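> Predicted model, plus sequence, below.
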Amino acid sequence: CMATLIIMLVGDTYTLINYVSFINYLCYGVTIIGLIVLRWKKPKIFRPIKVNLLIPVTYLAFWAFLLIFSLYSEPVVCGVGLIIILTGVPVFFLGVYWRNKPKCVNRLIESATCWGQKLCFVVYPQRGGAEED
């Protein structure tokens with residue numbers, strides 16, 4: 001979010017749309033790759049919707065062409081898009097991967113989460129409900 005706010009203050013809207021669209025299509029492709037990997041590694045798990053593998057493979061072929069064309073035609077925009085994605089890596093390591101955090105870091109993360117939930121009007125689900133049974 002901070003990187004997006006900085007880009008909005010510095011750059012124009014057209015450039016921001018290019019960054020975000022590259023990021024979106026990159027994430028869509030990674031999601032489709034994950035779908036194919038899960039279909040291959042865990043074929044027996046329940047899926048409410050199951051499609052023929054020809055559809056995601058075809059999508060990936062077009063996706064790869066568009067992504068390679070984007071990287072060739074606008075490498076700076078794609079590079080900035082990748083940098084925006086990589087700004088989430090420290091957040092992942094701080095919040096998820098690092099298990100034995102000091103209590104002060106846990107309190108800071110919890111207060112930031114609570115503040116963000118209040119800001120965005122988000123209610124975190126209660127634990128111990130019927131959903132877990």
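It's in.
> With just CA atoms, put the strand or helix carrying residue 65 into PDB.
Assessed by DSSP states H and E, residue 65 sits inside helix 54-73. Output in PDB follows, covering the C-alpha atoms of helix 54-73 (Å, rounded to 0.1, in the frame of the first residue of the first chain):
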ATOM      1  CA  LEU A  54      -7.100 -27.800 -21.700                       C
ATOM      2  CA  ILE A  55      -8.700 -24.500 -20.500                       C
ATOM      3  CA  PRO A  56      -6.000 -23.500 -18.000                       C
ATOM      4  CA  VAL A  57      -3.200 -24.700 -20.200                       C
ATOM      5  CA  THR A  58      -4.600 -22.600 -23.100                       C
ATOM      6  CA  TYR A  59      -4.900 -19.700 -20.800                       C
ATOM      7  CA  LEU A  60      -1.300 -20.100 -19.700                       C
ATOM      8  CA  ALA A  61      -0.100 -20.200 -23.300                       C
ATOM      9  CA  PHE A  62      -1.800 -16.800 -24.000                       C
ATOM     10  CA  TRP A  63      -0.700 -15.500 -20.500                       C
ATOM     11  CA  ALA A  64       2.900 -16.400 -21.200                       C
ATOM     12  CA  PHE A  65       2.800 -14.600 -24.600                       C
ATOM     13  CA  LEU A  66       1.300 -11.500 -23.100                       C
ATOM     14  CA  LEU A  67       3.700 -11.400 -20.200                       C
ATOM     15  CA  ILE A  68       6.700 -11.900 -22.500                       C
ATOM     16  CA  PHE A  69       5.400  -9.200 -24.800                       C
ATOM     17  CA  SER A  70       4.900  -6.900 -21.900                       C
ATOM     18  CA  LEU A  71       8.400  -7.500 -20.600                       C
ATOM     19  CA  TYR A  72       9.800  -6.900 -24.100                       C
ATOM     20  CA  SER A  73       7.800  -3.700 -24.800                       C
END
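> can you list the weak-confidence ranges in the chain?
Counting by pLDDT under 70, the chain shows low-confidence ranges at 1-4, 6-8, 10-11, 124-133.
> what's the spacing between the residue nearest to the spatial centre of it and residue 20?
Nearest to the mean C-alpha position of the chain, by Cα atoms, centre = their mean, lies residue 27 at 6.2 Å. Distance, residue 27 to residue 20, by Cβ to Cβ, to the nearest Å: 10 Å. (Each C-beta comes from the backbone N, C-alpha and C, glycine too.)
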